[in-house]
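Engineer: Here is a sequence together with a model predicted from it:
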Amino acid sequence: MARYEPAIDLAAIEAIDVHVHIEVDDHGHASLPPDLVEAASRYFRTDGPRPELAAIASYYRERRMAAVVFTVDAEIQLGHPTLDSAEIASQAVDHADVLIPFGSVDPHRPDAVERIARLVEDHGVRGFKLHPTVQGFDPSDERWYPMYAAIQDAGVPALFHTGQTGIGAGLPGGRGLRLALSNPMLLDGVAADFPDLQIIMAHPSVPWQDEALAVATHKHNTWIDLSGWSPRYFPESLVRAANSYLKDRVLFGTDFPLLTPDRWLDDVQRTALKPERLGAILKDNAVRLLGLAT
C-alpha cells in the first residue's frame, strides 16, 4: 500500500472538518453491525447515504474543504469486523489534496501498540480515533498507557469520543454500551501523564460539558471539536469558551455523514459564536494542530 503524505493547498481551502466517518468500504462492508447502524439513524433522524471514501473526497473538494477521515475499530467489543485503517490511508493517497487519514486501533488487541506504529510509519496516518463507549474501555486505566505512549511518540493527535452517543441508543440496555466511559474527565489524567500528546475531545460533551471545559482550561494539550451537534444546540458555556479563553483550541467538525458541513455552517449563523472567531475554528486551529503549515 502507498504511504499517505498530505498535499493540501491551504490557500485553496476554506475549512478543515476534523470529524468525518468512513462507514462503508469499497466492498460494501459497514463499520458497524446492522442493528447499530439502524439505531444511529433513528437517533440522528437520518437515513441518508453512507458514502465511501472517494465520494467523500469529491463532496469536500466541491466545498473547498479538507476532511479528517477515519473508522472506529471496535471489533472485539462489537464482534463485527472492522474497516481497514491501512486501506483508508492508502486510498487517501489519491485524495491527499482534501483528505487526512486517521487510524483506529481496538485497545483490546494484544498487538495494539504495534498496529499504531505500523499505521504511522508504513501508512502515514496523521492521528488516531478512539471511542471509549463503543470500544468498551476506560481511557483513564493505566493498562492503556503503552498505547498512548506510542501515539505520543509518533507525534500525532488522539481524538476521543466524549459525551452522549447515538450508537446503541434505544436498543435494549443500549446494547451494553456504557456512556460513562466517555466522560471527558477520564482524559484528565491521560493529559497530565502524556503532556506531549495532543488530545481532541470530540463533540459537545453533553452531559459533561463543564468537565470538558475544565480539562481543556487546565491541560493545554487538549482540544475540543464541535462535531455531532447542530451549532444551534451547543451549550452556552461552550460557545462562551470558543469565543474567548479556548478560542485557539476549538475545532470545526461535523460527524459527517450524520451531520453535513452545509447544515453546520448554516446553523452556526444562528448562534452567538462570534464571526471573527470562525476563521480559527474552521481552519487555522486545525492547521496548527495537524502540522499542515509549511
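Structural biologist: Yep, it's here.

Engineer: C-alpha from now on. contacts and neighbour counts both.
Structural biologist: Will do.

Engineer: thinking residue 281 is in contact with residue 253, fair?
Structural biologist: No: using Cα atoms under 8 Å, residue 281 is not in contact with residue 253, being 9.3 Å away.

Engineer: More neighbours: these two, which one.
Structural biologist: residue 253 (28 against 24; other Cα atoms under 10 Å).

Engineer: got a pLDDT number for the more buried one?
Structural biologist: As predicted, residue 253 sits at a pLDDT of 98.

Engineer: Renumber starting at 16 from here on
Structural biologist: Shifting the count to begin at 16 puts that one at residue 268.

Engineer: List the residues that contact it.
Structural biologist: For residue 268, the contact set (Cα atoms under 8 Å, 6 or more residues apart in numbering) comprises 31, 32, 33, 34, 35, 240, 241, 242, 243.

Engineer: neighbour-wise, which of these leads?
Structural biologist: Within the contacts of residue 268, residue 33 tops the neighbour count with 30 neighbours, counted by other Cα under 10 Å.

Engineer: Can you pull the phi and psi angles for that residue?
Structural biologist: Backbone torsions of residue 33, given as degrees, to the nearest 10, read phi -90, psi 10.

Engineer: what about it, distance to residue 220?
Structural biologist: In this view, residue 33 and residue 220 are 16 Å apart by Cα to Cα, to the nearest Å.

Engineer: Could you do residue 201 as well?
Structural biologist: 12 Å.

Engineer: cool, residue 55 as well?
Structural biologist: Applying Cα to Cα to residue 55 and residue 220 gives a distance of 18 Å.

Engineer: More neighbours: which of these two?
Structural biologist: Using other Cα under 10 Å as the criterion, residue 55 and residue 220 rank with residue 220 on top: 27 against 21.

Engineer: Could I get the contacting residues of that one?
Structural biologist: By Cα under 8 Å, 6+ apart, the neighbours of residue 220 are 177, 178, 179, 198, 199, 227.

Engineer: Cheers, nothing more for now.
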